[in-house]
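Participant: test case, fold it:
(one chain, ligands or ions: 1)
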Amino acid sequence: MLYGICSDIHSNGTAFEAVLHSMDDNGVDRRICLGDLVGYGVDADECVQMAKENMDICLIGNHDSVAIKYESSVGFNPYAKQAIEWTQEHLSADSLSYMKNLAFLHEENDITFVHASPLSPADWIYITDLEDALDAFDHFENRYCFVGHTHSPVIVASRPMAIPKILDEYEYSIVDTERLLVNVGSVGQPRDRDPRASWCLLDTEKKSVRIVRVEYDVFKTQERMRKAGMPDFLVERLAVGR
Ligand code: ZN
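Facilitator: Take a look at the predicted model:
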């Protein structure tokens, strides 16, 4: 089975469209989105509808949770707050009801899918270093766990009786006894200084994972954001992937 796993679309319809094409080109059988459909960008309703039409499973992210008013925007920086308030005014009833039915975690085929961390999914814990990864490995039973939330793709491998290892490469053949924790990066707002959209291809037969980067027309997305009056900081960061 070829899984296409993506996360953190953040209302960037042009990037999402490019990723969906890339999944098709790679023959993906099953599409999973790890959440944060909205926030930061201005294609909110479009992105929710694209997820509804194209994803087999979609989970909820922290920005989605604020957008549907499950929790407040306390803790958001002023830019994120401005964008989410804009989002709350631009979601259709249909998109709202779709988002209200999204789960925090999904498991199938020896894989755990979650937006932030398998450790207390609704608390939006960031996995940013090896210590966080160690904690995370203790909190899922399956062989693989896929997360998003930090907007930086990374593959972490764990062998029995050894400390997990952060891998440098974005393409990896899984060794028999290994378990993997994979951050799939962000579709709509990458922050690893690579502005290209990111998603992850998992081949459960060949036992391999690959972080796929996809170029898209950043300028088009920026233009729509400027027109809608989004802060310059949010517009400009897309071009540099930060
Ligand atoms: Zn996010």
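
Participant: so, in contact with the ion or not, the lengthiest helix in the chain?
Facilitator: Counting by DSSP state H, the longest helix found in the chain is helix 13-25. No: contact check for helix 13-25 against the ion, using Cβ under 5 Å from the ion: none in range, with a minimum separation of 12.9 Å. Just so you know, the C-beta spots here come from the backbone N, C-alpha and C atoms, and that holds for glycine as well.

Participant: for stretch 214-234, same thing?
Facilitator: No: contact of stretch 214-234 with the ion (Cβ under 5 Å from the ion) is absent, the minimum separation being 12.5 Å.

Participant: and that stretch, which residues are buried?
Facilitator: By neighbour count on 16 or more other Cβ atoms under 10 Å, the buried set for stretch 214-234 is 214, 216, 218, 221-222, 224-225, 230, 234.

Participant: how far off centre is the worst-scoring helix or strand of the chain on mean pLDDT?
Facilitator: Taking mean pLDDT, DSSP states H and E as the measure, the helix or strand of the chain with the lowest value is strand 165-167, at a mean of 91. Using Cα atoms, centre = their mean, to the nearest Å, we find the averaged C-alpha position of strand 165-167 to lie 20 Å away from the chain's own average C-alpha position.

Participant: show me where this protein has its strands.
Facilitator: Listed in chain order, the strands found in the chain under DSSP state E are 2-6, 30-33, 57-58, 105-108, 111-114, 144-147, 154-158, 165-167, 171-173, 179-183, 197-203, 208-214.

Participant: what pLDDT is listed against the residue lying farthest from the centre of the chain?
Facilitator: With Cα atoms, centre = their mean as the measure, the chain has its most outlying C-alpha, relative to the mean C-alpha position, at Met161: 30.0 Å. Met161 is assigned 85 on the pLDDT scale.

Participant: how far away is it from His139?
Facilitator: Taking Cβ to Cβ, to the nearest Å as the measure, Met161 and His139 are separated by 19 Å.

Participant: before we move on, back to that, the least confident helix or strand of the chain: partners in the sheet, and parallel or antiparallel?
Facilitator: Sheet pairing for strand 165-167, assigned by DSSP bridges, gives strand 154-158 (antiparallel).
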